[in-house]
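Enquirer: Please find the sequence and the predicted model below.
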Amino acid sequence: GLVGLRLLSAIFAVASLPLIAALTRRLVNERAALVATALAVSSWVLIYHAVYARMYSLFLFTSALSYLALLHAHRDGGLRRWSLWVIATLLVVATHPYGALVLGSQVVYVLMTRRRVREALPAFATVVVLGLPFWIIDRVLASRFDVSVGGGGARLGRPDRVLGYLAETAGDFSAGPVVLPAVLFFFAVGAWAAWRQRRTEALLVVAAVGTPAVAFLLARLGAGASPET
């Protein structure tokens, strides 16, 4: 029922918070983990999806779990850690079609770092093969919907409109369009500091932010339409 689905959304939203803290602690430090978790708790987007009877809080939970598992596997290696990453990533792919973007960003990250590539390749191949039913489902669903972004569902064919939409989304996920320039400024400062102190970990942020943005831009410039999220 609706109440049960809303309860599941709330459970996975709350369960995502310690994962956000653990992921940020692994990327930066304890102080950054506290700040990131506080920002997530106060985000209206998280609160909204916590009571929204759809898959988005589950997608947040499985995505954060997948990124955290990747960092541990990438740092320490070993069959057990890569197996845990495969399981977590398959859960992401099973949750939402945009799990492909999560997987793609992780492939980009491993290639950028040039570490444990030989260990990662079998794990990535396993996800691609075992996730084949979901790839087929996503392709069938994509052919049945013509969902676009912008006012009135108008297609965006120009890069400036795509970038404008991404900026609008960034405002929604932070503190609104008025203070968005300040938010982006502090994000840039923090990213630069992280890049200087922990470059390998900072590359994951670059891959996680850049891969969906580039994929979205290319999809909007192509012939087909991509779903809005």
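Expert: Ah, there it is.
Enquirer: Only C-alpha atoms from now on, for both contacts and neighbour counts.
Expert: Noted.
Enquirer: What about residue 216, how many residues nearby?
Expert: By other Cα atoms under 10 Å, 20 other residues sit near residue 216.
Enquirer: for stretch 82-97, which positions count as buried?
Expert: Neighbour counts over stretch 82-97 (16 or more other Cα atoms under 10 Å) mark 82, 84-97 as buried.
Enquirer: For the helix-or-strand element of the chain with minimal mean pLDDT, list every residue counted as buried.
Expert: Every helix and strand in the chain was compared by mean pLDDT, DSSP states H and E; the lowest is helix 159-173, with a mean of 76. Residues of helix 159-173 classed as buried: 161, 162, 167, 170, 171, 173 (neighbour count, 16+ other Cα under 10 Å).
Enquirer: out of these, who's nearest residue 218?
Expert: residue 162 (9.7 Å; Cα to Cα).
Enquirer: Quick check, that closest one in contact with residue 215.
Expert: No - contact criterion Cα atoms under 8 Å: residue 162 and residue 215 do not qualify, at 11.1 Å.
Enquirer: In space, what's closest to residue 99 - neighbours in sequence excluded?
Expert: residue 93 (4.3 Å; Cα to Cα, 6 or more residues apart in numbering).
Enquirer: So the one you found sits against residue 87, correct?
Expert: No - with contact defined as Cα under 8 Å, residue 93 does not count as touching residue 87 (10.0 Å).
Enquirer: Scan the chain for its longest helix.
Expert: helix 2-27 (DSSP state H).
Enquirer: just checking, what packs against it?
Expert: helix 30-41, helix 44-50, helix 56-76 (3 or more Cα pairs under 8 Å, 6 or more residues apart in numbering; DSSP states H and E).
Enquirer: Please identify the deepest-packed of the ones you listed.
Expert: Among the helices and strands packed on helix 2-27, helix 56-76 has the highest mean neighbour count (mean count of other Cα atoms under 10 Å), at a mean of 22.
Enquirer: That one vs helix 2-27, what angle?
Expert: Put simply, helix 56-76 runs at 30 degrees to helix 2-27, going by axes from the mean of the first three to the mean of the last three Cα atoms, to 10 degrees.
Enquirer: Now do helix 56-76: which elements does it pack against?
Expert: Packing contacts for helix 56-76, counted by 3+ Cα pairs under 8 Å, 6+ apart, involve helix 2-27, helix 44-50, helix 79-95, helix 99-113.
Enquirer: lowest-confidence stretch among those helices?
Expert: Of all the helices and strands packed on helix 56-76, helix 44-50 carries the lowest average pLDDT, namely a mean of 88.
Enquirer: Quick one: residues contacting residue 207.
Expert: By Cα atoms under 8 Å, 6 or more residues apart in numbering, the contact set of residue 207 is 105, 106, 108, 109.
Enquirer: how about it, secondary structure?
Expert: Assigned with DSSP: H, G, I helix; E, B strand; the rest coil, residue 207 falls in the helix class.
Enquirer: Tell me the spacing between the residue nearest the centre of the chain and residue 112.
Expert: Residue closest to the mean C-alpha point of the chain, counted by Cα atoms, centre = their mean, is residue 102 at 5.4 Å. Separation of residue 102 from residue 112 (Cα to Cα, to the nearest Å): 15 Å.
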